[in-house]
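**Student:** I need the structure of the sequence given here:
(chains A and B, ligands or ions: 1)
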Amino acid sequence: MPDRSKTLYEKIWDAHVIEQVTDGPSVLYIDRHLIHEVTSPQAFAGLAQRGVGVRRPDKTSATVDHSLPTTPRNEPIADAQAKNQIETLRQNCAAHRVTLYDVESGQQGIVHVIGPELGLTQPGQTIVCGDSHTSTHGAFGALAFGIGTSEVELVLATQCLLQAPSKTMEIRVEGCLKPGVTAKDIILFIISRIGVGGGTGHVIEYTGSAITGLSMEGRMTVCNMSIEAGARAGLIAPDHTTVEYLRGRPCVPQGEAFDEAAQAWLALKTDDGAVYDRQILLKAEDIEPMVTYGTNPGMALGISQTVPAAMSDGDEDYVAALAYMQLEAGQPIAGTAIDVAFIGSCTNSRIEDLRAAAAIAKGRKVHHRVRGLVVPGSEAIKQQAESEDLHRIFMAAGFEWREPGCSMCIAMNGDMVAPGQACASTSNRNFKGRQGKGSRTFLMSPAMAVAAAIEGALVDVRTLAPAGLDAEGVC
Amino acid sequence: MEAFVQLESTCMPFWRDDIDTDQIIPARFLKGTTRTGYGQNLFYDWRYDEQGQLKPASASVFNDPRYAGAQILVSGHNFGCGSSREHAPWALKDFGFCVVIAVSFADIFYNNALKNSLLPVALPKQVVTGLIEAVQADASCQVVVDLATQQVQLPGGAQHAFDINPFRKQCLLEGVDDVGFVLARLAQIEAWEAARP
Ligand code: SF4
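**Tutor:** Residues are numbered from 1 along each chain as shown, chains lettered A, B, ... in the order given. You can find the predicted model right below:
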């Protein structure tokens, strides 16, 4: 008798539970632990206090991204605290024999960009990192989620976590994306529909032809922002696109062993008849290029729309959000002036994002009032982009071409939006002050951010380049 | 980990939904390598103006002397959404809060709080709004949070039960942390690893 029908999430979960503690959480085995400089130092300090080491350095991988400046690497790190964090990570990795993908290794980058790129991320795995956007790795059919520093310490010490199971939610997006509509627009559309708390307590599995039609880069963009809907993780079942992306990556099995692994990966999917706790069906045709207008990612709308009025009278939070964003209910969102455009972050800094951005930037100029930054997600992406001459297109248009890191997504490394300034950003959070104190963030796709940089204002990218834009989905 | 058993304290009313961790502690203050010292920057942009001066009490509840010393923070839906930074509960604890009462919590924040003896208590919306009104009317009124019985005693004496996972409750009552618990199972973990290719 086969087991009852299971969802993809349940299969991965069940395969990793070592013990179900009575009346408590499960002891869950972790296949891959990714660490970075900001959320790990206190965990290593905790290990030292207990007198224990890193149990499985072979399953632990580190990089530097959050505090690292994106200025040329031969310049010293001016911020003493940032420098100390990075040095601390180096010492901890050396002391515990953890592989560190350090600057100028050719493999450094944003932690959620290099995991997949190196093939550290594989279908069916459990993956954790002290960073909420660990949900990105779910694009490979891995159960991947962010943890706090105490949990980083726990995983370092034991290679396990204490976790309660999540509920499951299917979000099915069927149909064809319109030209000019990207993975970023899908996820912003989803969050605008279900809200920033809509996925709380759930792991979301994305299904449907508009999802399976996406490249791995697009799938990562979707899963990345699952956390913005409050979900614990996002998942997409592995398929041939997944397998072909992973083939030949440095950390996957090679040769015949790869084909064997690929067979197992392709079998990993939700059984017919398995039941999700919640299901949502959306039509790809309903999605247009999206932008956020408020101070959380659920406050998003199509670029052709006007800023909505508060749902109820006396909604102080809503009124405060519009005031902060310097917007008024009823005004069209297109035409809103911007001061900065940021192409980067673990949501949209992969090669495909840079290609889409360059396609719009080519032969055009960044508006004279606007500062434009392009920050590739990793050293490998930077190299690839340069080999395709994308950097020349960006620089000719007036964009800064910078070294890889989190940069203006979190504004920890000196790349900041000034108080009151508006930024067209390809990152994932538009919280007050996220990109610098008083910063106003408008989230959108790379092509839309470049279009805004050129216009000096939010604009429908399709009016800029009516022909030549490809839909990401296939029909 | 410090144990949490019972707390009797005044409350700070912060009636907002979707308070994200970038509000609780902005990223620019995350460059430390220790678990302490974050309290001074808690809700920094809510407490300080552009020039770095403390905002007046009328503009920031955190600067209102009537609520100084409150160990219970009261807020709305989806408290602690956004990043996984444990600096958020560290900063709240460091500032002096021991309990957050809210209508609902974001997952990662909730877990992080429990691991730092910061007790997150979710109560129904009308109970929380009632509590907000009571403390706005009289800042000195006391609330008792009792973990063993899972009860909150509101100003006026009404009792309200709250949920907590029994395992987490025991850890908090005894001040036991996860690492010790799982380290005690090493043999089992090794056996499990050995059974897999
Ligand atoms: S790019 Fe932004 S969201 Fe992604 S890991 Fe870095 S700081 Fe976090």
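
**Student:** Every contact and neighbour count from this point should use C-alpha atoms.
**Tutor:** Noted.

**Student:** So B:His87 is in contact with B:Ala27, correct?
**Tutor:** No: checked against Cα atoms under 8 Å, the pair B:His87 and B:Ala27 is beyond contact range at 9.4 Å.

**Student:** which of those two has more neighbours?
**Tutor:** A side-by-side neighbour count of B:His87 and B:Ala27, using other Cα atoms under 10 Å in any protein chain shown, places B:His87 first with 31 against 25.

**Student:** residues contacting that one?
**Tutor:** B:25, B:30, B:35, B:38 (Cα atoms under 8 Å, 6 or more residues apart in numbering or on different chains).

**Student:** What does the pLDDT read for it?
**Tutor:** Looking at B:His87, its pLDDT reads 95.

**Student:** And the residue of the stretch 251-400 of chain A found nearest chain B, its phi and psi?
**Tutor:** Nearest residue of the stretch 251-400 of chain A to chain B: A:Asp317, at 6.9 Å (Cα to the nearest Cα). Main-chain torsions, A:Asp317, degrees, to the nearest 10: phi -60, psi -40.

**Student:** Could you give the number of residues near it?
**Tutor:** A:Asp317 has 15 nearby residues by other Cα under 10 Å.

**Student:** interface residues of the stretch 301-450 of chain A facing the ligand?
**Tutor:** Proximity of the stretch 301-450 of chain A to the ligand (Cα under 6 Å from any ligand atom) is limited to residues A:345-346, A:406, A:409-410.

**Student:** Need these in JSON lines (columns: secondary structure and pLDDT).
**Tutor:** Shown next, in JSON lines, are these (DSSP: H, G, I helix; E, B strand; the rest coil; pLDDT from 0 to 100):
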{"residue": "A:Ser345", "secondary structure": "coil", "pLDDT": "98"}
{"residue": "A:Cys346", "secondary structure": "coil", "pLDDT": "98"}
{"residue": "A:Cys406", "secondary structure": "coil", "pLDDT": "96"}
{"residue": "A:Cys409", "secondary structure": "helix", "pLDDT": "95"}
{"residue": "A:Ile410", "secondary structure": "coil", "pLDDT": "93"}
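
**Student:** check contacts around the residue lying closest to A:Thr63 once chain neighbours are set aside.
**Tutor:** Of all residues not flanking A:Thr63 in the chain, A:Tyr101 sits nearest, at 4.8 Å (Cα to Cα, 6 or more residues apart in numbering or on different chains). Counting by Cα under 8 Å, 6+ apart, A:Tyr101 makes contact with A:61-64, A:107-109.

**Student:** pLDDT value on the residue of the stretch 251-400 of chain A closest to chain B, please?
**Tutor:** At A:Asp317, pLDDT is 87.

**Student:** what ranges do the helices span in the stretch 51-200 of chain A?
**Tutor:** Assigned by DSSP state H, counting those that start in this stretch, the helices in the stretch 51-200 of chain A fall at A:80-96, A:111-118, A:149-158, A:183-194.

**Student:** before we move on, what about chain B?
**Tutor:** B:21-24, B:44-47, B:87-95, B:107-114, B:125-137, B:166-174, B:178-183, B:186-194 (DSSP state H).

**Student:** Show me which residues of the last one are buried.
**Tutor:** Okay, so that is helix B:186-194. The neighbour-count check on helix B:186-194 (16 or more other Cα atoms under 10 Å in any protein chain shown) flags B:Ile189 as buried.

**Student:** That one and chain A, are they touching?
**Tutor:** Yes: with Cα under 8 Å from any Cα of the partner chain as the criterion, chain A is reached by helix B:186-194 at B:186, B:188-189, B:192.

**Student:** pLDDT weak spots in chain B?
**Tutor:** For chain B, no stretch has pLDDT under 70.

**Student:** The ligand contacts on that one?
**Tutor:** Close to the ligand, as judged by Cα under 6 Å from any ligand atom, chain B has no residues.

**Student:** Point to the residue nearest the middle of chain B.
**Tutor:** B:Val100 (3.9 Å; Cα atoms, centre = their mean).

**Student:** In a markdown table: the residues of helix B:186-194 next to chain A, plus distance to B:Gly76.
**Tutor:** Output for these, formatted as a markdown table (distance: Cα to Cα, whole Å):
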| residue | distance to B:Gly76 |
| --- | --- |
| B:Leu186 | 41 |
| B:Gln188 | 42 |
| B:Ile189 | 40 |
| B:Trp192 | 42 |
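
**Student:** now, which of the residues you listed sits nearest the ligand?
**Tutor:** For those, the minimum distance to the ligand (Cα to the nearest ligand atom) is 29.8 Å, reached by B:Ile189.

**Student:** so the closest residue in space to the closest one that isn't next to it in sequence, which of the three states?
**Tutor:** The shortest distance from B:Ile189 to any non-neighbouring residue, by Cα to Cα, 6+ apart, is to A:Ile18 (7.0 Å). Applying DSSP: H, G, I helix; E, B strand; the rest coil to A:Ile18 yields a three-state assignment of strand.

**Student:** Quick check, A:Ile18 in contact with A:Ile30.
**Tutor:** No: look at A:Ile18 against A:Ile30 with Cα under 8 Å: they stay out of range, at 10.4 Å.

**Student:** ok, those two, which is more surrounded?
**Tutor:** Remark: of A:Ile18 and A:Ile30, A:Ile30 carries more neighbours, 21 against 18, as counted by other Cα under 10 Å.

**Student:** Retrieve the pLDDT associated with that one.
**Tutor:** 98.

**Student:** and if you look at the one 5 residues further on?
**Tutor:** Predicted confidence (pLDDT) at A:Ile35: the value is 98.

**Student:** list the contacts for it?
**Tutor:** Counting by Cα under 8 Å, 6+ apart, A:Ile35 has contacts A:60-63, A:111, A:129-130.

**Student:** Quick check: bridge partners of it?
**Tutor:** A:Ile35 has the following beta-bridge partners by DSSP bridges: A:Ala62.

**Student:** A:Thr22: how many residues sit nearby?
**Tutor:** The burial count for A:Thr22: 9, using other Cα under 10 Å.

**Student:** Chain B against chain A: which residues are in contact?
**Tutor:** So chain B meets chain A at B:16-18, B:20, B:22-23, B:26-28, B:30-35, B:45, B:78, B:81-86, B:106-108, B:112, B:115, B:165-168, B:178-179, B:182-183, B:186, B:188-189, B:192 (Cα under 8 Å from any Cα).

**Student:** mind running it again at 7 Å?
**Tutor:** B:16, B:22, B:27-28, B:30-35, B:78, B:82-86, B:106-108, B:112, B:115, B:165-167, B:178-179, B:182-183, B:189, B:192 (Cα under 7 Å from any Cα of the partner chain).

**Student:** residue in chain B nearest to the ligand?
**Tutor:** Going by Cα to the nearest ligand atom, the ligand is nearest to B:Ser83 of chain B, at 7.7 Å.

**Student:** What separation is there between that residue and A:Gly218?
**Tutor:** 22 Å (Cα to Cα, to the nearest Å).

**Student:** swap in A:Asp65?
**Tutor:** 21 Å.

**Student:** go on, A:Leu443?
**Tutor:** The spacing between A:Leu443 and A:Gly218, counted by Cα to Cα, is 16 Å.

**Student:** Looking only at neighbour counts, state which of the two leads.
**Tutor:** A:Leu443 (29 against 25).

**Student:** Show me what from the stretch 151-300 of chain A comes close to chain B.
**Tutor:** Close to chain B, as judged by Cα under 7 Å from any Cα, the stretch 151-300 of chain A has residues A:154, A:158, A:197, A:200-201, A:228, A:230.

**Student:** which two of these lie the greatest distance from each other?
**Tutor:** Across those, no pair lies farther apart than A:Thr158 and A:Gly197, at 31.5 Å, counting by Cα to Cα.

**Student:** Find the nearest non-adjacent residue to residue 83, please.
**Tutor:** Since you didn't name a chain, this refers to chain A. A:Lys83's closest residue in space is A:Ile77 (Cα to Cα, 6+ apart), at 5.9 Å.

**Student:** sorry, should have said chain B
**Tutor:** B:Ser83 sits nearest to A:Ser132 (Cα to Cα, 6+ apart), 5.2 Å away.
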